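**Student:** build me a model from this:
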Amino acid sequence: MIRNEFACSRLCFGAVLFVFSAAHAQITADAAGAPNADTGGDALQEVIVTAERRPEEEQRTPISVTVYNASDLAREGVVDMESLAAADPSLQFNRNGGNGTLTLRGVSTNNTTEVGNPSVPISIDDFVINRPTGLDTTLFDIGQIEVLRGPQGTLFGRSATGGIVNITTARPTKDFEASGDLEYGNYNELSVNGAINVPISDTLQIRIASFARSHSGYRTDTTPLLGSENASSGPDDLDAKGGRVSAAWEITERLHALLIYQRLVMNQVGPAIQAIPFNFIDPTNINSDIYHTMPNRGNGVDFPITGSQYYTHDEQYGKWHFDLDLPAGMTLSYLGGVDIYTRHELDSGDPPWPAAFDSPAALGPWVVKGYVTHEHPKTQNQELRLASSQTGPLVWQGGLYHFVENNSLFNGVVFNADSIQATHDRTYQYGLNTDSSAAYGQGSYSFGSAHKFSLGARYSRDTLHRWGIHNFTHDQDNQVESSRATWHVGYEFTPTPANMLYAKVDTGYKPGGFSSCGDSQQNYSPENVTNFEVGTKNRFLNDRLQANLSVFDMDYKDQQVSQFSLGCSTGLITTNAGQSHIYGIEGQLTALVTDADRIELSASLLRARYDQFNAPPEIGNPALADCRVSTILGSGGTVIGQQCNLAGNTMPQAPTATVMLAVQHNWHLPQSATLSLRVEERYSTKEYLTAFDFPDETQPAFSIANAFLTYSHNNWQVSAFARNFTNTTYLNFAAENAGGADYYYAYGAPRTFGMRFQAQYRGSGNDR
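**Tutor:** Here you go, the predicted structure:
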């Protein structure tokens, strides 16, 4: 019944979209050449995006996208993916046992191991980040962020099954510019940012940016471990600094280059994970079921930490873009880069210690300290792309892409007699190679000014190879290969310059992999998604009102779902959901109500369900795990096991409705000064955090409110901010951890407030 009601709403909404578009076309035609009664004040600005790998107006791009410029990011305090998700109502962030994952339209992954792939990757200056730990990268001196919803498998490639976060750093320009800002807030927050843009000549411009950002921990570890390097800071803290040098170089009239070097260092306690012992139904039997009701979590601030005790992140990369202008307006581009990243982490965890560790007498003076992890991935992106002129009826692009990552990992048990000296033994030591190659092409053809058709295709081939030792004794040598063709078909109808209606079909693909359980390897298949979407983008009232709407329907096959499982020695197992179905409605409205008042409204309705999904329980056996049991049959009809039948369950991080409303009022003061007040609130319905939909893994409906007061005068401004000023406590991770026999929880940011001062000077090329 619910599905039928949602389907009816979807069809009705689609009909409204069509009528809306037709009505707007008539309104615009009737008003042509006549002044509009509401002509006062500024119009909404045009926004240029690269969502289709070429510059174009956002309102003419047939993709559901939200764009954040540098001012938006500074106001919202966006410094990483977690804070971006707090600002974007369509984006969900999950602190999956320490590492972050992103979700768009209910599409996500919980596999944050070295063999996992994100379902919503991030691309920074056309360089795709594959490691989940990369989602914790601190952002600075960003020009623009685009959140693209829906599969982007043709132009962006592997793993972008839910969408992609496309980030562009600030580029060198031909004008002299110097800017800086200082922010101070509670939790001892201190943030300093600076940038200088120097036009060396008409053919060479340099931009240098640096930052230092820190705050003490949002949580208090009530049982800090011996030797915790940053115990005084507290978990959920931040201590990051870095810099970037960019050069725009016009080598010849036809050959242009962008060269980037960046170094980023983070040294902090790291994410906080709360562990609460299982409440077994039969306390005498560890294999019995547990109560799946939410345990008493206390205040969500003070608790024993089972997460990171220290976390260091040292990353440096070099990127290069070369563009060669060819005859007929074509451009040949070579995009490349190398990223070298080192991570060190001490994690208290709930380790499965060797049997000898169970006896304190066997250890003598030594005590278990925790897990120490070292990771050292080296990543390369290479792309060769040929693009046509952006004018004319036929616009196209095509290219070759290659991605390779070589990673070495070490994880060991650390035990020591005091806080100074320590020794360790390994639990795993791996080498890892990931290799991906692809060829792609996409083009569009315009029939007159109102009709455009587009086609695209991509073929990807991926290999994953891991070798080494696990749990002291188990040798590992696992390898899988995957390949898929993804494609795009689209149609755009543009009856007026201010109105567009589009319909399209896109497919996405994420490579397969394996879960290692002792000496065995359990492969999981690639996942594939097909997305059907209809949308419209509109401007009204002399560009004072913008209304964008989209309706989508996504069919999934073999969706990869990862979870803790007692049946796997590594604790994490990934399985495929045979069939999944997602559909929903998204809308965005921006209105300049008066010269001084602005309203922004974003809303989405989402239904994301597993249609066919058999999975092992997180704890115990299926008959005792409080789930519907399915019998798994092998060849010849023989019974080979039982699993939980999760068909009909809602997918993780897929709330039925999210709404964000922002209201801003500007007071225009003497001497061209402005005082603005902005208040915004985000509301989300109940959200399940694992595929089992148990109450102990559920975040109830909640809302977060922010407020900003800003005084601007000429080239400087000062702001007071309060984010989550209601101090709402909410979960961004929950799971039943069978390996440690406890419930796991992690929390979003609490109330933060403070002041921010920003100054900027812009000159011209003559100032050099």
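**Student:** for S216, phi and psi?
**Tutor:** Here is the backbone geometry of S216 (degrees, to the nearest 10): phi -70, psi 170.
**Student:** doesn't D236 make contact with it?
**Tutor:** No. Between S216 and D236 there is no contact under CB atoms under 8 Å: 9.2 Å. Any C-beta I mention is one placed from the backbone N, CA and C, and that applies to glycine too.
**Student:** strands of the stretch 551-700 of the chain, start to end?
**Tutor:** 572-592, 597-612, 614-615, 629-633, 639-645, 657-669, 673-684, 687-688, 698-699 (DSSP state E, counting those that start in this stretch).
**Student:** select, out of the ones you listed, the one closest to T494.
**Tutor:** strand 572-592 (18.8 Å; CB to CB).
**Student:** quick one, that closest one and strand 657-669 angle?
**Tutor:** 40 degrees (axes from the mean of the first three to the mean of the last three CA atoms, to 10 degrees).
**Student:** could you tell me the angle between strand 572-592 and strand 597-612?
**Tutor:** Going by the same axes, to 10 degrees, strand 572-592 makes 150 degrees with strand 597-612.
**Student:** what helices and strands are in contact with strand 572-592?
**Tutor:** Counting by 3 or more CB pairs under 8 Å, 6 or more residues apart in numbering; DSSP states H and E, the packing neighbours recorded for strand 572-592 are helix 2-31, strand 513-517, strand 520-524, strand 545-564, strand 597-612, strand 614-615.
**Student:** and the angle from it to strand 545-564?
**Tutor:** Put simply, strand 572-592 runs at 170 degrees to strand 545-564, going by the same axes, to 10 degrees.
**Student:** burial check on A759, number of neighbours?
**Tutor:** A count of neighbours around A759, defined by other CB atoms under 10 Å, yields 14.
**Student:** give the bridge partners for the residue nearest to it when sequence neighbours are not counted, please.
**Tutor:** Once flanking residues are discounted, A759 sits nearest to W716: 4.3 Å by CB to CB, 6 or more residues apart in numbering. Applying DSSP bridges to W716 gives these bridge partners: H713, A759.
**Student:** equivalent analysis for the one 5 residues further on, please.
**Tutor:** Assessed by DSSP bridges, F721 has beta-bridge partners F708, G754.
**Student:** what's the mean pLDDT across the helix or strand harbouring E492?
**Tutor:** Secondary structure from DSSP states H and E places E492 in strand 474-496. For strand 474-496, mean pLDDT is 91.
**Student:** other SSEs contacting that strand?
**Tutor:** helix 2-31, strand 423-447, strand 451-470, strand 499-510, strand 513-517, strand 520-524.
**Student:** can you put the strands of the stretch 551-700 of the chain in JSON lines and add mean pLDDT and mean neighbour count?
**Tutor:** Compiled in JSON lines, those are given as follows (pLDDT from 0 to 100; neighbours: other CB atoms under 10 Å):
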{"stretch": "strand 572-592", "mean pLDDT": "89", "mean neighbour count": "21"}
{"stretch": "strand 597-612", "mean pLDDT": "95", "mean neighbour count": "19"}
{"stretch": "strand 614-615", "mean pLDDT": "84", "mean neighbour count": "23"}
{"stretch": "strand 629-633", "mean pLDDT": "72", "mean neighbour count": "14"}
{"stretch": "strand 639-645", "mean pLDDT": "74", "mean neighbour count": "16"}
{"stretch": "strand 657-669", "mean pLDDT": "95", "mean neighbour count": "16"}
{"stretch": "strand 673-684", "mean pLDDT": "96", "mean neighbour count": "17"}
{"stretch": "strand 687-688", "mean pLDDT": "95", "mean neighbour count": "23"}
{"stretch": "strand 698-699", "mean pLDDT": "96", "mean neighbour count": "20"}
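**Student:** out of those, nearest to D506?
**Tutor:** It's strand 572-592; of the strands of the stretch 551-700 of the chain, that one is closest to D506 (CB to CB) at 13.3 Å.
**Student:** the closest one pairs with which strands, and in what direction?
**Tutor:** strand 545-564 (antiparallel), strand 597-612 (antiparallel).
**Student:** looking at the ones you listed, which is closest to N531?
**Tutor:** strand 545-564 (4.7 Å).
**Student:** what about that closest one, average pLDDT?
**Tutor:** In this model, strand 545-564 has a mean pLDDT of 89.
**Student:** could you tell me the angle between it and strand 499-510?
**Tutor:** 10 degrees.
**Student:** check the offset of strand 545-564 from the chain's centre.
**Tutor:** Averaging C-alpha positions (CA atoms, centre = their mean, to the nearest Å) puts strand 545-564 14 Å from its chain's average.
**Student:** how about the secondary structure of E82?
**Tutor:** Put simply, E82 is helix when judged by DSSP: H, G, I helix; E, B strand; the rest coil.
**Student:** skipping adjacent residues, who's closest to it in space?
**Tutor:** F93 (4.8 Å).
**Student:** confidence score at D767?
**Tutor:** pLDDT at D767 comes out at 55.
**Student:** name the nearest residue to S123, ignoring sequence neighbours.
**Tutor:** Nearest non-adjacent residue to S123 (CB to CB, 6+ apart): N166, at 5.2 Å.
**Student:** now Y291
**Tutor:** N279 (4.5 Å).
**Student:** so how far is Y743 from the one you found?
**Tutor:** Computed as CB to CB, to the nearest Å, the N279 to Y743 distance reads 9 Å.
**Student:** so what sits against both of those two?
**Tutor:** The contact sets of N279 and Y743 overlap at P295 (CB atoms under 8 Å, 6 or more residues apart in numbering).
**Student:** compare these two (neighbour count), which wins?
**Tutor:** Y743 (24 against 15).
**Student:** show me the contacts for K510.
**Tutor:** Neighbouring residues of K510 by CB under 8 Å, 6+ apart: 109, 117, 119, 158-159, 161, 526-527, 560.
**Student:** got a winner among those residues for most neighbours?
**Tutor:** T161 (33 neighbours).
**Student:** give the buried residues for the strand holding E492.
**Tutor:** 474, 476, 478, 480, 482, 484, 486-488, 490-492, 494-496 (16 or more other CB atoms under 10 Å).
**Student:** and the furthest pair within those?
**Tutor:** Greatest spatial distance among the buried residues of strand 474-496 (CB to CB): H474 and T496, at 65.1 Å.
**Student:** can you redo the strands of the stretch 551-700 of the chain as TSV with distance to S388?
**Tutor:** As requested, the strands of the stretch 551-700 of the chain are exported to TSV (distance: least, CB to CB, whole Å):
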stretch	distance to S388
strand 572-592	31
strand 597-612	34
strand 614-615	47
strand 629-633	52
strand 639-645	51
strand 657-669	38
strand 673-684	41
strand 687-688	44
strand 698-699	47
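**Student:** those strands: which one's closest to Q205?
**Tutor:** So among the strands of the stretch 551-700 of the chain, strand 673-684 is nearest, using CB to CB, at 30.5 Å.
**Student:** same for that closest one, what does it pack against?
**Tutor:** Counting by 3+ CB pairs under 8 Å, 6+ apart, the packing neighbours recorded for strand 673-684 are strand 657-669, strand 702-713.
**Student:** in JSON lines, list these along with distance to T536.
**Tutor:** Formatted as JSON lines, the helices and strands packed on strand 673-684 follow (distance: least, CB to CB, whole Å):
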{"stretch": "strand 657-669", "distance to T536": "20"}
{"stretch": "strand 702-713", "distance to T536": "28"}
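**Student:** hmm, back to that, any idea what the residue nearest to S123 is bridged to?
**Tutor:** Beta-bridge pairing for N166 (DSSP bridges): S123, E146.
**Student:** cool, H215 as well?
**Tutor:** Going by DSSP bridges, H215 forms beta bridges with L238.
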